[in-house]
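K.L.:
Here is a sequence with its predicted model. Questions after.
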Amino acid sequence: MKPRDFATLRTDVAAWVNELWRAGWISVEDLEPLAEIDERAPSTLFDGEIHRPLVVAFFGGTGVGKSSLLNRLAGEPVARVGVERPTSREVTLYAHERVRIDRFPAGLFSGGEGRSAESPDFHPVVVSRHQNERLRQVLWIDTPDVDSTETANRALVLRWIPYIDLLVYVVSPERYRDDTGWRMLLRERGTHAWAFVMNHWDHGDPAQLRDFSGLLAEAGFANPHLFRTRCGEFEQGATIIDDFDALRDFVTELADQHLLRQLDARTGAVRLQRLLKYLTGLRNRLDHGDEWRELQRFWEGHWETTARRIREGLAWTTELAAHEFLQGRLRSLRPQKGADGPPTARCHLVWDPWANQLWEDALGELAVEAENRGLPRALLRDTLQGWVGRAGAVVGEEVEERLRGALARPGNRIQRLLYRFSWFLSLVLPLVASGWVGWNVVVFYYRSSAEHLGYLGLDFALHSGLLIFLSWLVPFLLYRALKPSAERNALRGVRAGLQAALDKLSSAIACEIDALQQRERDRILTAQRWIETGREMERQTEAADPRLDRLLVREA
């Protein structure tokens, strides 16, 4: 895996994660672990060079002799020490004259954008050139004191650390338990190669060296490269044998291009593992499948109770709305739309401020329940916010549609059928009765004339009249009784519309919850694709040289 491949992956992941944060899926705390996974690498400093140098930095607290080590290495005072600089306040680069540093990011230098590291008015970074071919493949850096009280010094160290291959952690017998440097060591141990130097060894004791080795073992360095040096007066002959030559030979050997590529791959693999661990955790935090289903059940139960209260509380209001609509005093139940705003909830009789408050309270309690279940409350709240002022419009539209439909088709289907049938009987039955009476009149008249019988009398006339009258009266009364009442139908339409609107509002919120759950699934799938991409890059990483095992800590 090439460092640039990881940098591209990390940049793409960061853009996606920031999008999640802006959309409300994650909190700002979820961004912090990603910020600690740095995509910058030493190889990015030497774009265009076939063989880049090994970047080595002396790192440690105040007074441990980092600058003295660099001066002894150079054989001349390239870094200020002693009374000139009791504590490190600048970065010193010691590089071969053929090593190009003009491509270094301007942010590494506190001189600002566009300034060259070798500019004469540039103070925080001092560049010293040499012609020693033996040290050509190494770029040496002396960093400011990590435990400095000046925050600018610590910030300068933190800007340089991502671009360093080998961190040489320098301690002294008196200061090898330095807390500030040790905390940074524990945080950066997996992403850099490490070597350790106990300087001022002429004042040290083997017990201190064993204690320091024990601390390193606890930090995960089972068999570290640990050197003893003394750099008090480098120009004079050393009176105590130390490991300075071994340190120099060790760094020179590590500058081999094969080992350097292996080091890039190994540190990149550690960063990749951290990124995959972060993405896995983020994917798991995004997965709220059971919580979304529980939220749906909560909403159904809670809204059922709220809708019942609304129906009971609006009983008188619905009757008044139906009556005024029939009287012509209410031409429409739809809320009027303002010139620049959504429909309000107060411009018709059915949905009043009390009902709208219950609706808003229900949405608020849903958002609180989402937060209690670990769901993204802010995202749900923003989604529900659009429905706060829309309930009145939904109720008005549904109520008016059902009201007009009820008045256009009064009663139910059976009632309308019986109503029409009774009207038909009120016309047909009197005709049938009249025909039957007429038939009997003709028949009895004929028989009376032919056989000299008596004609029909008054009783026949009375009974015939009663028969015709009853054949009309009974269906007519039934017709009148079955005629739908306009007020009853209007009230039925208003109530049906209110119920339909409440059901529509409930379904709308349920659909919003389903949509959020689906969006969450899409983001989980995206996270899984990032993870699979990282794992494919991990599989392409070649096996590391065993010589690097002592320099790095492989993270679990």
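P.N.:
Arrived safely. What you are looking at is a predicted structure, and each value in this text was computed from that prediction instead of being measured.
K.L.:
Rounded mean pLDDT for the host helix or strand of G534, please.
P.N.:
Assessed by DSSP states H and E, G534 sits inside helix 486-539. Averaged over helix 486-539, pLDDT sits at 89.
K.L.:
and that helix, how far from the chain's centre?
P.N.:
Computed by C-alpha atoms, centre = their mean, to the nearest Å, the chain-centroid distance of helix 486-539 equals 17 Å.
K.L.:
helices and strands around it, which ones?
P.N.:
Packing partners of helix 486-539 (3 or more C-beta pairs under 8 Å, 6 or more residues apart in numbering; DSSP states H and E): helix 3-23, helix 257-286, helix 289-313, helix 315-326, helix 353-372, helix 377-388, helix 391-408. From N, CA and C alone the C-beta is placed, and that goes for glycine too.
K.L.:
what angle sits between the last one and helix 353-372?
P.N.:
For helix 391-408 against helix 353-372, the angle between stretch directions is 130 degrees (axes from the mean of the first three to the mean of the last three C-alpha atoms, to 10 degrees).
K.L.:
so after helix 391-408, what's the next helix or strand?
P.N.:
helix 413-451.
K.L.:
what does the first one give?
P.N.:
Next in sequence after helix 3-23, counting helices and strands by DSSP H and E, comes helix 32-35.
K.L.:
just to revisit the earlier point, for the helices and strands packed on helix 486-539, which one sits closest to L429?
P.N.:
Counting by C-beta to C-beta, L429 lies closest to helix 391-408 out of these; the figure is 29.7 Å.
K.L.:
Average pLDDT for the closest one, rounded please.
P.N.:
82.
K.L.:
chain center to that helix: distance?
P.N.:
Relative to its chain's centre, helix 391-408 lies at 39 Å (C-alpha atoms, centre = their mean).
K.L.:
same thing with stretch 428-435?
P.N.:
How far stretch 428-435 lies from its chain's middle: 81 Å, per C-alpha atoms, centre = their mean.
K.L.:
again, but for stretch 138-158
P.N.:
When distances are taken as C-alpha atoms, centre = their mean, stretch 138-158 is centred 36 Å away from the chain's centroid.
K.L.:
which residues are in contact with stretch 288-302?
P.N.:
In this structure, residues lying in contact with stretch 288-302 by C-beta atoms under 8 Å, 6 or more residues apart in numbering are 362, 365-366, 369-370, 373-375, 506, 509-510, 513-514, 516-517, 520.
K.L.:
Could you turn the buried ones of these into a ChimeraX selection?
P.N.:
Provided next is the ChimeraX selection string for whichever of these are buried by 16 or more other C-beta atoms under 10 Å:
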select :362,366,369,370,375,506,509,513,516,517,520
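K.L.:
what about R154, neighbour count?
P.N.:
For R154, the neighbour count with other C-beta atoms under 10 Å is 17.
K.L.:
what's downstream of whichever strand or helix holds it, the next helix or strand?
P.N.:
Assigned by DSSP H and E, R154 belongs to helix 151-160. Counting by DSSP H and E, the next helix or strand C-terminal to helix 151-160 is strand 166-171.
K.L.:
for the nearest residue to L276 once chain neighbours are set aside, what are its contacts?
P.N.:
Distances taken as C-beta to C-beta, 6 or more residues apart in numbering place G534 nearest to L276, at 4.7 Å, with adjacent residues excluded. For G534, the contacting residues are L9, L272, L275, L276, L279, by C-beta under 8 Å, 6+ apart.
K.L.:
Could you dump these into CSV with distance to L473 and pLDDT added?
P.N.:
Output for those, formatted as CSV (distance: C-beta to C-beta, whole Å; pLDDT from 0 to 100):
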residue, distance to L473, pLDDT
L9, 92, 88
L272, 96, 87
L275, 92, 91
L276, 91, 92
L279, 86, 94
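K.L.:
So L276 sits against T533, correct?
P.N.:
No - in this structure, L276 is not within contact of T533 by C-beta atoms under 8 Å, at 9.7 Å.
K.L.:
Roughly how far does P430 sit from S471?
P.N.:
5 Å (C-beta to C-beta, to the nearest Å).
K.L.:
and the nearest residue to N132 once chain neighbours are set aside, how many residues sit next to it?
P.N.:
Spatially, and ignoring its direct neighbours in sequence, N132 is nearest to H96 (7.2 Å; C-beta to C-beta, 6+ apart). Residue neighbour count, defined by other C-beta under 10 Å, stands at 18 for H96.
K.L.:
So H96 is in contact with R134, correct?
P.N.:
No - counting by C-beta under 8 Å, H96 stays clear of R134, with 9.8 Å between them.
K.L.:
one step back: tell me which other helices or strands the helix holding R154 touches.
P.N.:
Under the contact rule (3+ C-beta pairs under 8 Å, 6+ apart), helix 151-160 is not packed against any helix or strand.
K.L.:
Can you give me the buried ones in it?
P.N.:
N153, R154, L156, V157, R159, W160.
K.L.:
Which of those sits closest to V442?
P.N.:
Nearest to V442 among the buried residues of helix 151-160, with distances taken as C-beta to C-beta, is R159, at 123.7 Å.
K.L.:
isn't that closest one right up against V125?
P.N.:
No - with contact defined as C-beta under 8 Å, R159 does not count as touching V125 (10.7 Å).
K.L.:
Now the common contact residues for those two.
P.N.:
L108.
K.L.:
What is the least confident helix or strand in the protein?
P.N.:
For the chain, using mean pLDDT, DSSP states H and E, the weakest element among its helices and strands is helix 179-188, scoring a mean of 69.
K.L.:
Check which element follows that one along the chain.
P.N.:
Toward the C-terminus, helix 179-188 is succeeded by strand 193-198 as the next helix or strand (DSSP H and E).
K.L.:
Show me what that following strand is packed against.
P.N.:
By 3+ C-beta pairs under 8 Å, 6+ apart, strand 193-198 packs against strand 166-171, helix 206-218, strand 226-228, helix 244-254.
K.L.:
what lines up beside the third one in the sheet?
P.N.:
On the basis of DSSP bridges, the sheet neighbours of strand 226-228 come out as strand 193-198 (parallel).
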